[in-house]
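K.L.:
got a sequence here, can you model it:
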Amino acid sequence: MGNCQPQQMSNSSSIRHFLLLALADTRQLQLLHFCLLLGISLAALLGNGLIISAVACGHHLHTPMFFFLLNLALSDLGSICTTVPKAMHNSLWDTRNISYTGCAAQLFFFLFFISAEFSLLTIMCYDRYVSICKPLHYGTLLGSRACAHMAAAAWASAFLNALMHTANTFSLPLCHGNALGQFFCEIPQILKLSCSKSYLRELGLLAVSVCLALGCFVFIVFSYVQIFRAVLRIPSEQGRHKAFSTCLPHLAVVSLFVSTGTFAYLKPPSMSSPSLDLALSVLYSVVPPALNPLIYSLRNQELKAAVWRLMTGCFQKH
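P.N.:
Predicted coordinates:
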């Protein structure tokens, strides 16, 4: 039905749509992928929705750590709602099409939410660092105004980053067809369709973004070295356990996010294959938003109790 041949074109202005990578060839596998994506997206919606509701409704959770966690849950919801519904639609209706404007919108929102997520994970690392290494200065360094400013800076920088990359990518002339080797619109796949030399400007912008992301990653690693040194100096075993229980979920989320994304983009070309590329792209774009709420709520007793109260309260009303 939608498996039309890629168009050969000389100008991006003549492109009306792109062809996304088909998740499967057979009807049975397409429906299986639809069910799997539906399950993952429902888990992400439920988990992140519960965290947002629990933090918003629980006054005892109105602390910097949970405020940033609420923002992280919003970015997770946004990123999974940007890529998964279109993939589910294409699997269900056996098509590969996405409109030119739809592709631009998908690229913008995916970059926006992923950039915000990484910024928020960096800020959350700073929050953990201050609470464990400089507890006496916590109220001063992370007051409500400072937290609001940091969250606003994370979202604003993500918006500018996404706008800059989307505008630049879609200003490139495309002359290598319209078939993308990915189940959603992303920069590397669109660059492959661009004409000679015209993509170098976008590669320069990507290099700047990678350097900034690397700076954030180095900050996270350095902070955790300081945090673990401070935790190991805590005399009581209970104190050490409490400190680790607030840090380990964040460290697990950062590791999942960074390792899957890095391997997907920096793996050697010799390892590249359509099935592996697809599995990796699902790992870094779909799995973290679904797993993050589980990682946080399992390790954090306060959050687990708040989510449980919220759920039991809802069932009691009905």
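
K.L.:
now do stretch 119-131: everything it contacts.
P.N.:
With C-beta atoms under 8 Å, 6 or more residues apart in numbering as the test, stretch 119-131 has contacts from 64-65, 68-69, 71-72, 75, 137-138, 141-142, 150-151, 153-155, 157-158, 216, 219-220, 223-224, 226-227, 246-247, 250, 253-254, 257. (Each C-beta comes from the backbone N, C-alpha and C, glycine too.)

K.L.:
put the buried members of the residues you listed into a ChimeraX selection.
P.N.:
Typed into ChimeraX, the next command selects the buried ones out of the contacts of stretch 119-131 (criterion: 16 or more other C-beta atoms under 10 Å):
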select :64,65,68,69,71,72,75,138,142,150,151,154,155,158,216,220,223,224,227,246,247,250,253,254,257
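
K.L.:
now, which of the contacts of stretch 119-131 lie within helices?
P.N.:
64-65, 68-69, 71-72, 75, 138, 141, 150-151, 153-155, 157-158, 216, 219-220, 223-224, 226-227, 246-247, 250, 253-254, 257 (DSSP state H).

K.L.:
middle-most residue in the protein, spatially?
P.N.:
For the chain, I114 is the residue whose C-alpha lies nearest the centre (C-alpha atoms, centre = their mean; 4.0 Å).

K.L.:
can you list the low-confidence ranges for this protein?
P.N.:
Low-confidence segments of the chain, defined by pLDDT under 70: 1-14, 196, 198, 268-272, 274, 298-299, 313-318.

K.L.:
any chance you could map the helices in it?
P.N.:
27-57, 64-93, 100-133, 138-141, 144-169, 187-191, 200-232, 237-266, 274-285, 287-299, 301-317.

K.L.:
dump the ones you listed to JSON lines, plus distance to H176.
P.N.:
Formatted as JSON lines, the helices of the chain follow (distance: least, C-beta to C-beta, whole Å):
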{"stretch": "helix 27-57", "distance to H176": "27"}
{"stretch": "helix 64-93", "distance to H176": "22"}
{"stretch": "helix 100-133", "distance to H176": "15"}
{"stretch": "helix 138-141", "distance to H176": "51"}
{"stretch": "helix 144-169", "distance to H176": "14"}
{"stretch": "helix 187-191", "distance to H176": "10"}
{"stretch": "helix 200-232", "distance to H176": "15"}
{"stretch": "helix 237-266", "distance to H176": "20"}
{"stretch": "helix 274-285", "distance to H176": "17"}
{"stretch": "helix 287-299", "distance to H176": "30"}
{"stretch": "helix 301-317", "distance to H176": "48"}
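
K.L.:
nearest to C175, out of those helices?
P.N.:
helix 187-191 (12.3 Å; C-beta to C-beta).

K.L.:
what helices or strands is that closest one leaning on?
P.N.:
helix 100-133, helix 144-169, helix 200-232 (3 or more C-beta pairs under 8 Å, 6 or more residues apart in numbering; DSSP states H and E).

K.L.:
and among these, the most buried is which?
P.N.:
Comparing the helices and strands packed on helix 187-191 by mean neighbour count (mean count of other C-beta atoms under 10 Å), helix 100-133 ranks first with a mean of 21.

K.L.:
angle of that helix against helix 200-232?
P.N.:
Counting by axes from the mean of the first three to the mean of the last three C-alpha atoms, to 10 degrees, helix 100-133 points 20 degrees away from the direction of helix 200-232.

K.L.:
and helix 100-133 with helix 237-266, angle?
P.N.:
Using the same axes, to 10 degrees: helix 100-133 against helix 237-266 is 150 degrees.

K.L.:
next, the angle from helix 100-133 to helix 274-285.
P.N.:
Using the same axes, to 10 degrees: helix 100-133 against helix 274-285 is 50 degrees.

K.L.:
most distant residue from the middle of the protein?
P.N.:
P235 (37.2 Å).
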